[in-house]
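Sequence first, predicted coordinates after that:
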Amino acid sequence: RSTESFKVLTECPLIVMLLFQLYPRYIQTTIPALIPLMVQALALRTPQRALLKHRTAATDFMAAQVKTLSFLTYLLRAFAD
């Protein structure tokens, strides 16, 4: 059930940041593949029907997008060389 939870997805950027701190040698090879995936996730929109019918899930999804955007901003600032 947790694999279908947007609340779990919300914590993924924090986990990835922790993994980068533990294994910095993977940063340079992982970030170029990770950034386009994050941008794709940010481009997704919640259907209007879902906003009305599944308000909690839609809110959790938007929270996951906010965390993803925050993490993307951190990556671009920290590794913009």
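Everything's here; your move. Everything numeric here is computed off the predicted structure, so don't read it as measured data.

Relative to Arg49, how far out is the spatially most central residue of the chain?
Geometric centre of the chain, nearest residue: Thr68, 3.2 Å, by Cα atoms, centre = their mean. Between Thr68 and Arg49 the distance is 23 Å, computed by Cβ to Cβ, to the nearest Å. Heads up, the C-betas are built off the backbone N, CA and C, glycines and all.

hang on, isn't Leu69 packed against Leu42?
Yes: look at Leu69 against Leu42 with Cβ atoms under 8 Å: they come within range, at 6.0 Å.

contact partners of the helix ranked longest in the chain?
In the chain, assigned by DSSP state H, the helix with the most residues is helix 55-78. Outside helix 55-78, the residues that touch it by Cβ atoms under 8 Å, 6 or more residues apart in numbering are 5-7, 9-14, 16-17, 31, 34-35, 38-39, 41-42, 44, 46, 50-51.

for stretch 4-19, same thing?
Contacts of stretch 4-19 (Cβ under 8 Å, 6+ apart): 2, 26, 34, 57, 60-61, 63-64, 67-68, 70-71, 74.

repeat that with 6 Å
2, 60-61, 63-64, 67-68, 71 (Cβ atoms under 6 Å, 6 or more residues apart in numbering).

and if you look at stretch 35-43?
65, 68-69, 72.

with the contacts of stretch 4-19 in mind, which one is nearest to Ala80?
Phe71 (14.4 Å; Cβ to Cβ).

that older thread, give the rounded mean pLDDT of the longest helix of the chain.
For helix 55-78, mean pLDDT is 89.

Buried ones in it, by neighbour count?
For helix 55-78, the neighbour count (16 or more other Cβ atoms under 10 Å) marks 57-58, 60-61, 64-65, 67-68, 71-72, 75 as buried.

try stretch 7-22
9-10, 13, 16, 20.

With secondary structure and pLDDT as new columns, can those residues be given to me in JSON lines?
Formatted as JSON lines, the buried residues of stretch 7-22 follow (DSSP: H, G, I helix; E, B strand; the rest coil; pLDDT from 0 to 100):
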{"residue": "Leu9", "secondary structure": "helix", "pLDDT": "85"}
{"residue": "Thr10", "secondary structure": "helix", "pLDDT": "87"}
{"residue": "Pro13", "secondary structure": "helix", "pLDDT": "88"}
{"residue": "Val16", "secondary structure": "helix", "pLDDT": "89"}
{"residue": "Phe20", "secondary structure": "helix", "pLDDT": "88"}
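
No more questions from me, cheers.
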